[in-house]
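Visitor: Next comes the sequence, and after it the predicted model I'd like to discuss.
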Amino acid sequence: MGPQSSLSSVLDSPAPTISNEEVELSFSPRQSEPSIWLILKLATWFGLVTGLVEGAGLLLFQRINWKDWGLSVHVSAEILWIAPICDFLLFLLLGLGLGLVAYLAPRLRSPRFGVFLFSLLMFYDWFALPERLWRIAALVLAFGGAKLLTGVFKKHDAAFLRFWRTTLPWATAAFLLTWAAIQGTAWIKEKVALAKLPAAQPGAPNVVVIVMDTVRADHLSTYGYERPTTPHIDHIAEQGVLFENAISASSWTLPSHASMLTGRYSYEHRATDVKPETGKTLDGRYPTLPEILAEHGYRTGGFSANSVYFNKNLGLERGFIHFEDYFHSAFDSFSRTVYGQQLARSVFSWDGVRRLAIWLGFPSIDELQTTSSKSWAVRKRASDVNREAFSWIDRDPKKPFFVFMNYFGAHRPYTRPPYGVKRFVQLDNHALYLQQVNPTAEERSAGYDECIAHIDDAVKSFLDGLKQRGLDQHTLLVITSDHGELLGEHGLYEHQNSLYLPLIRVPLIFWQPGHVPAGVRIPTAVSNVSIAATVTDMLGLNHRFPGPPLSIFWKAQSRPTSWPEPVSELTQFNYASPDWPSHYGAMTSLITPQYHYILHQQSGASLYDWVHDPSESVNLAKTPQGEQLVSEFAAQVQSQLAHPR
């Protein structure tokens, strides 16, 4: 008899297996031990069943609630076994408390108390996970369901006890099989992919791309910023090639990462927003850099701290044999479950609780970044990304590797690690976004710089790790960013809202001892879409990226006199803030040697002389000369967008 028919068959049975006398005896004051063990068994059953349903529901409603992608907590297939573990531990902890109460108060040893409590938690979990009900509504429905189930249990206690006893092994087996299937499949898939790798070229160097999420170029000291935010990156730049005017393909993470990986602009790869019809956003239209490198014998690993827009769910893992985004810690795993989310939003976001947890020796609580009742994330620090990357690198030192890493530390909210040293700001760690203070523009900028400085430390730590392994002289290192950040310029903050220069001008440094010249600075405006073509060109590989590779600037006898002018794109986000220009229409920009042309779908063209007016304070679009230039640039952009390379 299967577990699904157990309860109905028992209820229909004319004679219960366990008599009322036996039930009374098992929970009498003289038999306290069996009563406590039964509570723990009930906690185990309810915890596993709640978690198994929850895991499937989180995956399902993540797809259904795609419009709230940017405000949601995301999961992958691993949640199918992580949710049961978290719920089992939570229910077991409550069961132990209930058992202690039963031990101290014999009159409360009836299993009905446990049935009511556990079913209340189970029903609330299931009602809350679709994110369609107010919490109080979900609680009221859960209370009604628990009361109903407890009432039925009171009349058919023996039948229910037999059902739970019979199906507990099935629930346990379902959990174990789920865990084995998901983890085993991932392990086997990676082993098979590694076994199929062809032999790499003799002496093939390793490749590392570090993406400093949300870092604008003009806040790095190596780009002339007044604060010493990046002394370690400055030293790396002195030993390599720095592009002074690297332009991102977009002003937010998703399309920019897709461009760096495919070597294509947004109008080509079309990964401009979350697509509900496929659940993915980057399709197989163009090859990715990790795919090409894998074809030439490289192990490929992706390590993301931006779990919202650089993850496996959106298809950006294509070509990576190994990819890590979610579940980097026990706290992160718990915080992606229903009760983890509730506690994170309601309890762990309190500064007093956070301070207490850190004082007690749980600094991972500081990973939680809460900006509103709906928008929050568990921050994966750059040190966690480094740890994950080196753990994977060390598994097979015989094959060359390609590592693509995303550091998220400079993204809003601007919070340094709790153990970090204050360099530029005296505000408390979470003051900026816990609404404890109303920061000035200078304080906000200083907090942002503080985060960049900690990223700089992480870059040094990673390079030190390469040196300890004897890999630094045999590694091509690329340091860049996916987009910048507005800190009050043009009356705007954050990113994804426009295409002004602070949002699209990003750092770009190439470093490889003996292969990249030292101390070279390139003033030509270039696009980050050229990273893929540049890497494959430096490795001497046949590639399918349009290019041209940036390595031409230091390989040729003289620098190119002309270069493709970088294009940036931003789709419309009508669900974004009405203060954002992107709320009202899509945008496209073009960077020429002197001018920055921006075309807004609704409000028209803007034109800035970014060389003489780097703050873009004077719009030249309506001047006689500007009107002529706008017409020329509009035709140029239209022609380029109509003809994918």
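Guide: Happy to help now that I have it. Numbering: from 1, shown residues only.

Visitor: Quick one: mean pLDDT over the top helix by length along the chain.
Guide: Across the chain, the longest stretch assigned as helix under DSSP state H is helix 157-196. Averaged over helix 157-196, pLDDT sits at 95.

Visitor: One more: stretch 58-67?
Guide: Mean predicted confidence for stretch 58-67 is 87.

Visitor: same check, this time on stretch 384-391
Guide: 96.

Visitor: same check, this time on stretch 280-287
Guide: 88.

Visitor: Burial check on Val58, number of neighbours?
Guide: Actually, residue 58 is Leu. It isn't Val. 24 (other Cβ atoms under 10 Å). C-beta: built from backbone N, CA, C; applies to glycine.

Visitor: Wasn't it part of a strand?
Guide: No - read with DSSP: H, G, I helix; E, B strand; the rest coil, Leu58 is helix and lies in no strand.

Visitor: Surely it is in contact with Leu129?
Guide: Yes - counting by Cβ atoms under 8 Å, Leu58 touches Leu129, with 6.0 Å between them.

Visitor: Between those two, which contacts overlap?
Guide: Val338 (Cβ atoms under 8 Å, 6 or more residues apart in numbering).

Visitor: Could you chop the protein up by domain?
Guide: 3-182, 197-328+380-642 (automatic domain parsing).

Visitor: tell me the SS of Glu244?
Guide: strand.

Visitor: got the CA coordinates for stretch 306-319 in CSV?
Guide: In CSV, the C-alpha atoms belonging to stretch 306-319 read as follows (Å, rounded to 0.1, in the frame of the first residue of the first chain):
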residue,chain,number,x,y,z
ASN,A,306,25.0,38.8,-7.8
SER,A,307,22.5,36.1,-7.3
VAL,A,308,19.7,38.2,-8.8
TYR,A,309,20.9,38.9,-12.3
PHE,A,310,24.0,36.8,-12.9
ASN,A,311,22.8,33.2,-12.2
LYS,A,312,21.9,29.9,-13.7
ASN,A,313,18.2,30.7,-13.7
LEU,A,314,18.7,33.2,-16.5
GLY,A,315,20.9,31.1,-18.7
LEU,A,316,24.1,32.9,-18.0
GLU,A,317,25.8,29.7,-16.8
ARG,A,318,26.0,28.4,-20.4
GLY,A,319,29.4,27.1,-21.2
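
Visitor: List the buried residues in that stretch.
Guide: By neighbour count on 16 or more other Cβ atoms under 10 Å, the buried set for stretch 306-319 is 306-319.

Visitor: Now do the contacts for the nearest residue to Ala174 once chain neighbours are set aside.
Guide: Excluding its sequence neighbours, the residue lying closest to Ala174 (Cβ to Cβ, 6 or more residues apart in numbering) is Leu52, at 6.0 Å. Contact partners of Leu52, counting by Cβ under 8 Å, 6+ apart, are 80, 83-84, 171, 174-175, 178.

Visitor: Most neighbours of all those residues, which one?
Guide: Busiest of the contacts of Leu52 [other Cβ under 10 Å] is Ala83, holding 34 neighbours.

Visitor: tell me which element that one falls in.
Guide: helix 79-104 (DSSP states H and E).

Visitor: likewise Gln62?
Guide: helix 32-64.

Visitor: So what's the gap between that helix and the chain middle?
Guide: Mean-position distance between helix 32-64 and its chain equals 27 Å (Cα atoms, centre = their mean, to the nearest Å).

Visitor: go on, stretch 498-510?
Guide: Centre to centre, stretch against its chain (Cα atoms, centre = their mean), the figure for stretch 498-510 is 21 Å.

Visitor: for the record, mean pLDDT for it?
Guide: For stretch 498-510, the per-residue pLDDT averages 98.

Visitor: if we can go back for a sec, what's the offset of the longest helix of the chain from the middle of its chain?
Guide: For helix 157-196 - counting by Cα atoms, centre = their mean - the centre lies 27 Å from the chain centre.
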